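Visitor: Okay, here's the prediction I keep looking at, along with the sequence it came from:
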Amino acid sequence: MNDALTPVLEIRGGGVTFRDADRREFHAIEDVDLQLRRGEILGLVGESGCGKSTTARVLMGLQALSAGEILLDGAPVPARRHSLAPRVQAIFQNPAGSFNPRRSLLDSVAEPLRVWKRGNATERRERALQELERVGISPQMARRRPSEVSGGQCQRAAIARATVLRPEVLICDEPVSALDVSIQAQILELLAELRAEQGLAMLFISHDLSVVSTLCDRTAVMYAGTVVEQGDTSAATDRPRHPYTAILHDSVPVLTPAAHAGEGLRMRSVAGTVDGRAEPGCRFAGLCPLVQEDCRAARPELPAGAHSAACLHPLEA
Ligand SMILES: Nc1ncnc2c1ncn2[C@@H]1O[C@H](COP(=O)(O)OP(=O)(O)OP(=O)(O)O)[C@@H](O)[C@H]1O
Ligand code: SF4
Ligand SMILES: [Mg+2]
């Protein structure tokens with residue numbers, strides 16, 4: 001099975017459980033379902049610690065699952081496989097940290113070609129220069145080291161290094177969070193161009209719903225290790241159905257019942273301290289302005305559908 005409808009990369013029922021020194025379990029992610037399709041950018045948004053990077057590492061093949069499976073072109077990936085490179089590549093928040101500080105950008109971008117034995121030294125250099133020019137780095141600038149370019153230029157070079165092997169999937173873990181707003185816009189534009197030119201499938205991770213809404217076709221919202229809402233970005237961000245998404249969207253004063261008026265922003269600011277992972281019912285029950293008796297009884301599931309929320313009392317679309 002390998003057609004346009006089959007997701008190129010998929011996580012089904014994905015769970016990652018860590019154990020602390022006392023062997024207590026901590027579910028970093030639980031029951032996560034995500035599909036990455038060719039030519040589509042999926043946004044993954046949620047607050048710090050909700051499991052975004054763990055999900056990214058799983059999709060790169062760098063973190064083993066405790067439950068569920070990864071599928072590449074519809075076929076399960078063997079659990080012990082180490083990395084899905086070169087088909088799946090990634091960029092991160094701090095590009096300088098993943099470059100060798102003593103090597104030029106050009107050498108670093110050519111390195112994956114050497115590792116994967118593509119062409120001779122001259123061909124690799126030419127190919128790396130082309131890829132760097134495509135992301136806006138001139139041959140002159142390509143000779144500089146990471147410390148001799150700006151953060152935005154370094155992130156462009158990181159994108160070139162990630163795409164030089166023509167991957168099918170690009171995982172972007174907070175790639176603009178450390179950049180100025182004007183530079184963020186340029187990088188987002190570059191990623192959108194790459195998706196259009198190469199038909200890449202992308203996972204774009206951010207804690208900022210507004211950044212996700214400018215770039216992504218579909219959006220999944222994570223809370224405390226699970227996906228609580230997913231759908232087309234316009235639906236998920238403009239007409240949220242899960243109270244947590246609405247809070248992320250800053251619309252909580254509109255939906256907070258009168259008895260809780262004014263508490264919305266306070267709830268948002270403490271959200272990271274009460275994540276409900278260990279509770280039997282809805283993980284968000286301790287903070288939700290719309291909580292009811294039944295919410296604490298069982299975990300709400302994320303229904304299938306174009307736009308769905310894991311909530312027993314979702315907001316009306
Ligand atoms: N190797 C590990 N051992 C134990 N706990 C871990 C490990 N890696 C991640 N965690 C925990 O799993 C949870 C999810 O971490 P993750 O890095 O996926 O969050 P995140 O959503 O990417 O957060 P941020 O926005 O801060 O990057 C966190 O509570 C984290 O402390
Ligand atoms: S299930 Fe209940 S507590 Fe959970 S988000 Fe929905 S309304 Fe709030
Ligand atoms: Mg992270």
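Guide: The structure has been received and is ready for your questions. Ligands and ions are numbered 1, 2, ... in the order given.

Visitor: Enumerate every residue touching Val227.
Guide: 32-34, 220-221, 302, 310 (Cβ atoms under 8 Å, 6 or more residues apart in numbering). Where you see a C-beta, it was placed from the backbone N, CA and C, and this is true even at glycine.

Visitor: Could you export those as TSV, including pLDDT?
Guide: What follows is these, written out as TSV (pLDDT from 0 to 100):
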residue	pLDDT
Val32	97
Asp33	97
Leu34	97
Ala220	97
Val221	96
Leu302	95
Ala310	97
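
Visitor: From the residues you listed, which land in helices?
Guide: Cross-referencing the contacts of Val227 against helices under DSSP state H gives no overlap.

Visitor: Which of the helices or strands spans the residue nearest the centre of the chain?
Guide: Residue closest to the average C-alpha location in the chain (Cα atoms, centre = their mean): Ile205, at 2.9 Å. Using DSSP states H and E, Ile205 maps to strand 201-206.

Visitor: and what of Glu111?
Guide: Going by DSSP H and E, Glu111 is part of helix 105-115.

Visitor: counting contacts, what elements does that helix pack onto?
Guide: helix 121-134, helix 139-142, helix 151-163 (3 or more Cβ pairs under 8 Å, 6 or more residues apart in numbering; DSSP states H and E).

Visitor: Show me where this structure has its strands.
Guide: Ranges of strands within the chain are 9-19, 25-36, 41-45, 67-72, 75-76, 88-91, 169-173, 201-206, 218-223, 226-232, 308-309, based on DSSP state E.

Visitor: Any chance of a markdown table for the ones you listed, columns distance to Ala128?
Guide: Shown next, in a markdown table, are those (distance: least, Cβ to Cβ, whole Å):
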| stretch | distance to Ala128 |
| --- | --- |
| strand 9-19 | 26 |
| strand 25-36 | 26 |
| strand 41-45 | 25 |
| strand 67-72 | 26 |
| strand 75-76 | 32 |
| strand 88-91 | 15 |
| strand 169-173 | 17 |
| strand 201-206 | 22 |
| strand 218-223 | 32 |
| strand 226-232 | 37 |
| strand 308-309 | 43 |
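
Visitor: Now do the longest helix along the chain: which elements does it pack against?
Guide: For the chain, the longest helix by residue count, based on DSSP H, is helix 181-198. With contacts taken as 3+ Cβ pairs under 8 Å, 6+ apart, helix 181-198 sits against strand 41-45, helix 151-163, strand 169-173, strand 201-206, helix 209-215.
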